[in-house]
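Asks: Coordinates only, no sequence provided:
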């Protein structure tokens, strides 16, 4: 008797919320399914599901070993729990050979009353945002592996004892954990506003908090129990008192407390500024992966940084930067009318770090209360402007009899380099 051996190829399934139909086979974009769950139910272990932009319902793939990827990234592809369901059930927690990987999604509005993460339970997430989810334990994630993810504004607040506002257990690699919360004013036992348990590698844990009743046992505004390596933990609180790390029962290294010198923490920019004590201060032996949260090389200058972002040490090319000051010379009256002649003194400054090379065009406009503008005239600047120098122009024109703008209140506005002919360090932001 002969032996017949069959070889089967893995399929790739396609999902499109806009044009798909779950009755389709999903094997091409022309026959895409509408929901991710329908593709999960047809796929076999080791197969891939590609997902086009859209907002999708919660998914369950805990008994599978799949890879689910968005085609356009997390900013355009969302799994929304609707405030009633967990966004994604990806595995059984811990080291699970039957776990699913989710890449390039935003998980939001997830809800799990008891244990298990409002954003995701188990599995692996890559390049995802886990934002605004709620659970009893693990507001954002529960026993999941997260790689290059942002875990923001999640809450573990639904039980009297609450743990891990951002994440409970699991492994976080090059992740930002910020503005999460564990516990409430009535909680009796709350720990780990950012993370409870698990292991962190090159993460930034900042601005998280733990809340509780006056008699509550609360600890670890940023982190409680587990291990962390090459990780920044700062600016976290317990009942409004600074408290970054409550307890750790594993090996630890990083920057705790103090000022790590972020670029702009007040506006959520947690990249390292030049001169940060976290630059080249990590341990290469604990590096996991070759890219940071922004997708840049993980090690620059031979030694890894501390935190989720690696300082790239890219020299900034000198560029000009044009700014203007303008003064109305005529008429002197506070109110001017159609037909009046106006003269404006425009002083153009180059506050950049190199010469601004002519020519470029400037514009004088009328602007109404809504920001709509009508051009009165343009003029050409034909002289190079050295670094730190300025040039003055007197610009005269008549206000038209018929003003092509709605509104009773109009003002004059000057725009420098209206065609963006000069590459500037501020990306033209202060040219008006």
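Replies: Alright, I've got the coordinates. Model, not experiment: these values are computed from the prediction.

Asks: residues touching the closest residue to residue 340 other than its chain neighbours, list them.
Replies: Spatial nearest neighbour of residue 340, excluding adjacent residues (C-beta to C-beta, 6 or more residues apart in numbering): residue 399 at 5.1 Å. Quick note: C-beta positions are derived from backbone N, CA and C, even for glycine. Residues in contact with residue 399, defined by C-beta atoms under 8 Å, 6 or more residues apart in numbering, are 336, 337, 338, 339, 340, 341, 342, 366, 376.

Asks: ok, now which ones touch residue 109?
Replies: Residues touching residue 109, when contacts are defined by C-beta under 8 Å, 6+ apart, comprise 80, 81, 82, 83, 87, 132, 133.

Asks: ok, now how distant is it from residue 146?
Replies: 18 Å (C-beta to C-beta, to the nearest Å).

Asks: same check, this time on residue 323
Replies: As it turns out, when the distance is counted by C-beta to C-beta, residue 323 lies 43 Å from residue 146.

Asks: These two: who's more crowded?
Replies: residue 146 (31 against 17; other C-beta atoms under 10 Å).

Asks: what's the distance between the helix or strand containing the more buried one and the middle of its chain?
Replies: Using DSSP states H and E, the element containing residue 146 is strand 145-147. Strand 145-147 has its C-alpha centroid displaced from the chain centroid by 16 Å (C-alpha atoms, centre = their mean, to the nearest Å).

Asks: which outside residues touch that strand?
Replies: Contact partners of strand 145-147, identified using C-beta under 8 Å, 6+ apart, comprise 123-128, 130, 167, 170-175, 289.

Asks: among the residues you listed, who's most crowded?
Replies: Top of these by neighbour number is residue 167, holding 38 neighbours under the definition other C-beta under 10 Å.

Asks: Surely that one and residue 133 touch.
Replies: No: no contact is recorded between residue 167 and residue 133 when judged using C-beta atoms under 8 Å, the distance being 10.6 Å.

Asks: do you know how far residue 258 is from residue 234?
Replies: To residue 234, residue 258 is 7 Å away according to C-beta to C-beta.

Asks: higher neighbour count, the two?
Replies: For residue 258 versus residue 234, neighbours defined as other C-beta under 10 Å are more numerous around residue 234 (22 against 12).

Asks: the strands in the stretch 301-432 of the chain, which residues?
Replies: Applying DSSP state E, counting those that start in this stretch to the stretch 301-432 of the chain gives strands spanning 303-304, 322-330, 341-350, 360-368, 373-381, 390-398, 410-415.

Asks: middle-most residue in the chain, spatially?
Replies: By C-alpha atoms, centre = their mean, the mean C-alpha position of the chain lies nearest to residue 150, the distance being 6.8 Å.

Asks: Hmm, that residue is touching residue 131, no?
Replies: Yes: with contacts defined as C-beta under 8 Å, residue 150 counts as touching residue 131 at a distance of 7.4 Å.

Asks: if we can go back for a sec, what is in contact with residue 167 and residue 133 at once?
Replies: In the contact map built from C-beta under 8 Å, 6+ apart, the residues linked to both residue 167 and residue 133 are 117, 140.

Asks: Buried residues, stretch 182-192. List them.
Replies: Of the residues in stretch 182-192, those scored as buried under the neighbour-count criterion (16 or more other C-beta atoms under 10 Å) are 182, 183, 184, 187, 189, 190, 191, 192.

Asks: now for it, what's the gap between its first and last residues?
Replies: Length of stretch 182-192, first residue to last, C-alpha to C-alpha, to the nearest Å: 6 Å.

Asks: From residue 396, how far off is residue 324?
Replies: Taken as C-beta to C-beta, the spacing of residue 324 relative to residue 396 amounts to 17 Å.

Asks: neighbour count winner among those two?
Replies: Counted by other C-beta under 10 Å, residue 324 and residue 396 do not tie: residue 324 has more neighbours, with 19 against 12.

Asks: for residue 24, what are its contacts?
Replies: Under the contact definition (C-beta under 8 Å, 6+ apart), the residues listed for residue 24 are 31, 32, 33.
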